[in-house]
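A.B. asks: could you work out the structure for the sequence below:
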Amino acid sequence: MEHKIQILLACLVSQVLLVAVAEDVECVPGFQEKNYELEYQSGFRKEESILKVNFDDCHGNENVNFEVSHPAFIVDEDGSVVPRRDVTDSGSTLFIHGRTAFADDMVEIKIHGAPERRPQTLKEILGLGQSPAFMRTKRSLLAPPMFVPENQRAPFPKNVGKVISSEMPDSALFKLTGKGADQEPKGIFYINKNTGEVLVSRSLDRERIAFYHMQVETTDLSGKTLEGPVDVEVAIIDQNDNRPVFKGGPHVGEILEGSPTGTTVMRMTAYDADDPNTDNAVLRYNIVKQTPDKPSPNMFYIDPEKGDIVTVVSPALLDRESMPSHKYELEIVAKDMAGSDVGLTGTATATITITDKNDHAPEFTKPLFQATVNEGVTGVIVNLTVEDKDDPTTGGWRAVYSIINGNPGQSFEMNTNAQNNQGMLTVVKPLDYEISAFHTLLIKVENEDPLVPDVAYGPSSTATVQVTVMDVNEGPIFYPDPMRVTRHENIPIGSGIATLNATDPDSLQHQTIKFAMLKDPAGWLSVHPVKGTVNTTAILDRESTYVKDNTYTAIFMATDNGSPPATGTGTLVITLEDGNDHAPSLYPSVARVCEDSKDLSVVLLGGRDEDISPNADPFKFELGKQAGLEKTWKITKVNNTHAQVSLLHNLKRANYNLPIIVTDSGMPPLSNSTEIKVQVCTCKKNKMDCSAADSLHMSLAMLICFSFITLLCL
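C.D. replies: As a prediction, this is how the structure comes out:
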């Protein structure tokens, strides 16, 4: 009887403390409904289901094992509770224990009007004598679920529960193992070896470890296992010892001005470390303070369960331009125990910014602006000021200006000053007083962002600008500029080159113009101060370093007689045509050859001419006019600019001066005779030694004589 009462009490405590399911969890392992009620009507008939329980371990319910506290009842695979015989002694309460590898849970069935059940024997409590389908195989060791409140106070140890064995010899001992017993954290629980009582040795913290899974077995005095092990499960009962905490932060939200009532601004979420299946972690939210409290002290509402902050004022009151501040701070309190008076609280501040929408068009501060500008200059001439009530950090405040009338020549531009939003009217093409002394412009201002649908740009979004152009003495203008002419180089000194043309744009002032030289790099030119005629004062040389790409550039200035005088500049570009005034030259001037070389090629000569076509290449290459050269040397044209010099036979080691004549293609042609120094050297092992050649120098006359004697001997 005592064992029966312990089991029933354990089951009752388990049912009361563990039956809670959070609404926002998709699947909670165990019985989906924890309590059932029946009316007793003269008993229950054999094999007729009395009700159906719903057990789900969230992993497919494989190998589900059900145990009923009354041995006359079983649970079918579909969850139906069925009597195995006619039952009249059901008692007022039944407990069903469901277990898989993923879930372990219990359900309670209250039977109203049922007579109290007769006392059970220990065999019935343990399920002995039941059918094999209902019994635990070979199990006489029973460890009911155990529960320990967290934060218990001394003295310790305290009794947690008791393990029962129906077939335990007197000499057998209980042994408790697992985390919390003989594994870390060690020593929290231990068992009375003789009685099976499980004890806890110190205060526990559920938020650190919420569940202990251990094993118990019986052993003989030598330590040999007699029965078990079976699971011992100890759940830590939660106490409300943790306040709600708002994590993260800062907590910031935004709401567009004029938003409809009930618009969600943000969500505040607090966390409670207590058991989420108890009221200890069920939170309720509340706004306790709003700063500032205008235009209404209750502009926002927070959903007590979800924490969503929404607007409760009308869109008209949510007007950013008329509010005392663009930011509101809300002091939010989260209270556990579902908001009851005994609940613990946590606080946080939510900062809400009222964001701007473009509901105000920019307006000029006055309808007419005036500006004065000198002709011939560019730059900003006037700043146009506007007012806009929208947020200066947004495109709903930033202004965009445009000229909608009075700018046919595109002489003006409008730009926005990013610092103050003013419109800068700029002259981008110089104005001419003589063409127009007055300009009237119509300017429009808009925002970068479009206006909201119910707002439009009005007359104040346009303004007139009157621009007065002031007359100034402008410098003469050369035409054309630059002036281009073509002349032959080497023309006689005093030859005419060009006549400069300059006019005074101040046509109403009838001024005279005088010309002068401003820049003549080579000093080749002069200009008549009144007529503007340009003549040569030196020979024009196309090959001069002052000539670039066959052109010579000079700059002149023209000055009027205004007060003060004004000056303009003009450029004269002279293209010089080439004359054949430079004879060609040869390169290289020195060549080396081995005295015993089988290759009789000496050097590849190149010709160059400072003149250009047709006064340069193709070049004609010839040996000098000395007699007998053709018996030792040969020159062969390779292309228009190069020729190959070769020996007709080997020469002894010495230095030889070979005259070569090169002629250009000019009309008339120019020739140049150049002596090429040929060093005949001793060559051994790819090394050329020309040091002895200087001491063996032979003149061309000696070479000719030597060649003549050689021929006679033949």
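A.B. asks: can you give me the buried ones in whatever helix or strand residue 301 lives in?
C.D. replies: Element membership of residue 301, judged by DSSP states H and E, is strand 300-302. Across strand 300-302, burial judged by 16 or more other CB atoms under 10 Å covers 300-302. Glycine gets a C-beta too; all of them are placed from N, C-alpha and C.
A.B. asks: what do you get for stretch 643-661?
C.D. replies: 643, 645, 647, 651, 653-656, 658-661.
A.B. asks: equivalent analysis for stretch 527-536, please.
C.D. replies: Result for stretch 527-536 [16+ other CB under 10 Å]: buried residues 527, 532, 534, 536.
A.B. asks: which one of these is nearest residue 309?
C.D. replies: If you rank those by distance to residue 309 using CB to CB, residue 532 comes first, at 84.7 Å.
A.B. asks: show me where this protein has its helices.
C.D. replies: For the chain, helices defined by DSSP state H occupy the ranges 2-18, 122-126, 700-713.
A.B. asks: what average pLDDT does the last one get?
C.D. replies: The one in question is helix 700-713. If you average the pLDDT over helix 700-713, you get 42.
A.B. asks: use 658 as the first number from now on
C.D. replies: All set: I'll call the first residue 658, so the last point we hit is now helix 1357-1370.
A.B. asks: contacts for stretch 929-942, please.
C.D. replies: Outside stretch 929-942, the residues within contact range by CB atoms under 8 Å, 6 or more residues apart in numbering are 675, 677-679, 863-864, 867, 895-902, 925, 927, 959-964, 989-997, 1000.
A.B. asks: which intervals of the chain have sub-threshold pLDDT?
C.D. replies: Along the chain, the parts satisfying pLDDT under 70 run over 658-683, 774-796, 1349-1371.
A.B. asks: how about a cut-off of 50?
C.D. replies: Filtered on pLDDT under 50, the chain yields the residue ranges 658-682, 776-795, 1350-1371.
A.B. asks: distance from stretch 1091-1108 to the middle of the chain?
C.D. replies: 39 Å (CA atoms, centre = their mean, to the nearest Å).
A.B. asks: can you give me the end-to-end span of it?
C.D. replies: Using CA to CA, to the nearest Å, the end-to-end distance of stretch 1091-1108 comes to 43 Å.
A.B. asks: so what's residue 1210 bridging to?
C.D. replies: Beta-bridge pairing of residue 1210 under DSSP bridges involves residue 1230.
A.B. asks: against residue 1147, how distant is it?
C.D. replies: In this view, residue 1210 and residue 1147 are 19 Å apart by CB to CB, to the nearest Å.
A.B. asks: over to residue 1033?
C.D. replies: Using CB to CB, which is the criterion applied here, residue 1033 is 43 Å from residue 1147.
A.B. asks: looking at the two, which one has more neighbours?
C.D. replies: Between residue 1033 and residue 1147, counted using other CB atoms under 10 Å, residue 1033 has the larger neighbour count: 19 against 15.
A.B. asks: got phi/psi on the more buried one?
C.D. replies: Main-chain torsions, residue 1033, degrees, to the nearest 10: phi 90, psi 0.
A.B. asks: may I have stretch 967-975 exported as CSV, CA atoms only?
C.D. replies: Output of stretch 967-975 as CSV, limited to C-alpha atoms (Å, rounded to 0.1, in the frame of the first residue of the first chain):
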residue,chain,number,x,y,z
VAL,A,967,1.6,50.7,-32.8
THR,A,968,0.4,54.2,-33.3
VAL,A,969,-2.9,55.2,-31.7
VAL,A,970,-3.1,58.9,-32.7
SER,A,971,-4.8,60.1,-35.9
PRO,A,972,-2.6,60.8,-39.0
ALA,A,973,-3.2,64.5,-38.6
LEU,A,974,-1.5,64.5,-35.1
LEU,A,975,1.4,62.6,-36.5
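A.B. asks: how distant is that stretch from the center of its chain?
C.D. replies: For stretch 967-975, the distance to the chain centre is 37 Å (CA atoms, centre = their mean).
A.B. asks: and for stretch 1193-1212?
C.D. replies: 58 Å.
A.B. asks: other residues contacting that stretch?
C.D. replies: Contacts of stretch 1193-1212 (CB under 8 Å, 6+ apart): 1139, 1144-1152, 1154, 1174-1183, 1191, 1226-1236, 1238-1239, 1267-1269.
A.B. asks: and for residue 1217, the neighbour number?
C.D. replies: Neighbours of residue 1217 under the rule other CB under 10 Å: 23.
A.B. asks: thought it was touching residue 1163?
C.D. replies: Yes - here residue 1217 reaches residue 1163: they are 7.4 Å apart, a contact under CB atoms under 8 Å.
A.B. asks: intersection of neighbour lists for these two?
C.D. replies: Counting by CB under 8 Å, 6+ apart, the residues touching both residue 1217 and residue 1163 are residue 1130.
A.B. asks: now flag whichever of the buried residues of strand 957-959 is closest to residue 877.
C.D. replies: The closest of the buried residues of strand 957-959, once distances to residue 877 are taken by CB to CB, is residue 959, at 65.3 Å.
A.B. asks: that closest one contacts residue 945, correct?
C.D. replies: No - counting by CB under 8 Å, residue 945 is not a contact partner of residue 959; they are 10.2 Å apart.
A.B. asks: now the common contact residues for these two.
C.D. replies: Both residue 959 and residue 945 are contacted by residue 989, under the criterion CB under 8 Å, 6+ apart.
A.B. asks: just list whatever residues bridge to residue 1173.
C.D. replies: residue 1214.
A.B. asks: then residue 764?
C.D. replies: Here residue 764, judged by DSSP bridges, has bridge partners residue 753.
A.B. asks: quick check: it vs residue 738, distance?
C.D. replies: Applying CB to CB, the value for residue 764 to residue 738 is 10 Å.
A.B. asks: got it, and residue 1097?
C.D. replies: On the measure of CB to CB, residue 1097 and residue 738 end up 99 Å apart.
A.B. asks: which of the two has more residues huddled nearby?
C.D. replies: Using other CB under 10 Å as the criterion, residue 1097 and residue 738 rank with residue 738 on top: 23 against 10.
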